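A.B. asks: generate coordinates for the sequence data below:
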Amino acid sequence: MKALVTGASGFLGHSIVHRLRQEQMEVRALLRPGRVLNEPGVEVVEGDICDDAAVDNAVRGVDWVIHAAARVETSGTWEQFAEVNVRGTRRVIRAAQAAGVPRIVHISSLSVYAVPYDGVTVTEESPYESEGDARGGYSRSKLAADRLALDAARRGAPVVVLRPALLYGPGKRPSAARQSVNVGRFKLILARPSYLLPLAYVDNVADAVLLAARAEGAVGQAFTIVDEHVRQADYVTRYRATSGETWRPVFLPVGLVATSALVLERALRLARRRSPITYHQVVRATRSALFDCTRAERVLGWRPAVNVDEGLRRTFASLREESNNASTPASPTQP
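C.D. replies: Residues are numbered from 1 along each chain as shown. Predicted structure coming up:
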């Protein structure tokens, strides 16, 4: 068995590659020029998902395509997001289908779902976000890519879609909240203390990817991947205890921030300018939802192997080890 992973040098992509190698699978990684993947035994192919020839070459002769590449920056033009996240996804699926690849796993996002009110339960049958244009280039483009991936599946492409929650794990400092900013010794958090934070440990998501690539009944379906829903206030307590960090949380008044965003948005609209933050963005980011993972449990047999407490422990242990290694001087070379 041989798998191609796009976005293999990214946070999730690297974890997927590592998990595939643990299964003794051959792995080909499509990397943009200049990117490095520190994983032994992996065939590296330089190229870009925006290049037809590079994608055609990369998918040739593989059994699985795991499409994890995406533009995840918080800034950029719509055209930049569309080229990578939308047209890049279409390009990968078309090339893989033309090459006869038996299984394509597309990595999507929870951001595609609508959250119409606080406390709603969201399943894979829940509607898409209806105001993607108000949420910025990333969310809008991931929604469009999710749509086209499932549309391709309806037309015969062997596509499975995974929608993971907020990712964290070794190799990346975890977020303390969906939206926060540091001000001196304080961390300003845009959420109510009761907000349910949907979390996904990166290795748990990699497990789901392998299950999605193998499961007989998975083609044409989307799967929500959430380990746990943790109250924001509880998560902050566990985060600070595990990390040893001493910042103090300040929960911003969500209603006031939303109203301020609405006023700013309307004022800038009169000046024919786009607001850096919209009312819809604030409301969507602060409404709690319970994301149901029953389908992933039933069809894929997925269960999160690592809970939040253990995931945070591993994450901060890894960060401390990296910091220690970076501060330790190299041994002198013997003559």
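
A.B. asks: what about the strands in the stretch 151-300 of the chain?
C.D. replies: For the stretch 151-300 of the chain, applying DSSP state E, counting those that start in this stretch gives strands covering 159-164, 166-168, 180-183, 186-189, 196-201, 222-225, 228-231, 248-251, 289-291.

A.B. asks: for the fifth one, packing partners?
C.D. replies: Using 3 or more C-beta pairs under 8 Å, 6 or more residues apart in numbering; DSSP states H and E as the contact criterion, the elements in contact with strand 196-201 are strand 166-168, strand 228-231, helix 232-243, strand 289-291, helix 308-327. In short, each C-beta sits where N, CA and C put it, glycine included.

A.B. asks: sorry, back to before: any chance of the strands of the stretch 151-300 of the chain in JSON lines, with mean neighbour count, distance to Gly88 and mean pLDDT too?
C.D. replies: Shown next, in JSON lines, are these (neighbours: other C-beta atoms under 10 Å; distance: least, C-beta to C-beta, whole Å; pLDDT from 0 to 100):
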{"stretch": "strand 159-164", "mean neighbour count": "26", "distance to Gly88": "15", "mean pLDDT": "98"}
{"stretch": "strand 166-168", "mean neighbour count": "19", "distance to Gly88": "20", "mean pLDDT": "97"}
{"stretch": "strand 180-183", "mean neighbour count": "12", "distance to Gly88": "30", "mean pLDDT": "94"}
{"stretch": "strand 186-189", "mean neighbour count": "17", "distance to Gly88": "33", "mean pLDDT": "96"}
{"stretch": "strand 196-201", "mean neighbour count": "24", "distance to Gly88": "23", "mean pLDDT": "98"}
{"stretch": "strand 222-225", "mean neighbour count": "25", "distance to Gly88": "19", "mean pLDDT": "98"}
{"stretch": "strand 228-231", "mean neighbour count": "18", "distance to Gly88": "31", "mean pLDDT": "98"}
{"stretch": "strand 248-251", "mean neighbour count": "15", "distance to Gly88": "38", "mean pLDDT": "97"}
{"stretch": "strand 289-291", "mean neighbour count": "20", "distance to Gly88": "26", "mean pLDDT": "97"}
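
A.B. asks: nearest to Glu297, of the ones you listed?
C.D. replies: Of all the strands of the stretch 151-300 of the chain, strand 222-225 sits nearest to Glu297, with 9.5 Å by C-beta to C-beta.

A.B. asks: which of the helices and strands packed on strand 196-201 has the lowest mean pLDDT?
C.D. replies: The weakest mean pLDDT among the helices and strands packed on strand 196-201 belongs to helix 308-327, with a mean of 91.

A.B. asks: got the angle for it vs strand 196-201?
C.D. replies: 60 degrees (axes from the mean of the first three to the mean of the last three C-alpha atoms, to 10 degrees).

A.B. asks: picking that back up, in a markdown table: the strands of the stretch 151-300 of the chain, plus distance to Ala54.
C.D. replies: Shown next, in a markdown table, are these (distance: least, C-beta to C-beta, whole Å):
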| stretch | distance to Ala54 |
| --- | --- |
| strand 159-164 | 20 |
| strand 166-168 | 26 |
| strand 180-183 | 37 |
| strand 186-189 | 41 |
| strand 196-201 | 30 |
| strand 222-225 | 27 |
| strand 228-231 | 38 |
| strand 248-251 | 45 |
| strand 289-291 | 35 |
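
A.B. asks: for Gln22, find the nearest of those strands.
C.D. replies: strand 196-201 (15.9 Å).

A.B. asks: low pLDDT regions in the protein?
C.D. replies: 131-134, 327-335 (pLDDT under 70).

A.B. asks: quick one: stretch 206-218 to chain centroid distance?
C.D. replies: Taking C-alpha atoms, centre = their mean, to the nearest Å, the mean C-alpha location of stretch 206-218 is offset from the chain mean by 17 Å.

A.B. asks: ok, stretch 296-307 next?
C.D. replies: 17 Å.

A.B. asks: before we move on, back to that, out of the strands of the stretch 151-300 of the chain, which gets nearest to Val299?
C.D. replies: strand 222-225 (7.2 Å).

A.B. asks: pairing partners for the closest one, with directions?
C.D. replies: Strand 222-225 pairs in its sheet with strand 159-164 (parallel), by DSSP bridges.

A.B. asks: contacts for the partner strand?
C.D. replies: The contact list for strand 159-164, computed with C-beta atoms under 8 Å, 6 or more residues apart in numbering, reads 12, 93, 103-110, 112-113, 124, 146, 149-150, 152-153, 200, 205, 208-209, 212-213, 215, 218-226.

A.B. asks: can you say which of the strands of the stretch 151-300 of the chain is nearest to His280?
C.D. replies: strand 289-291 (15.3 Å).
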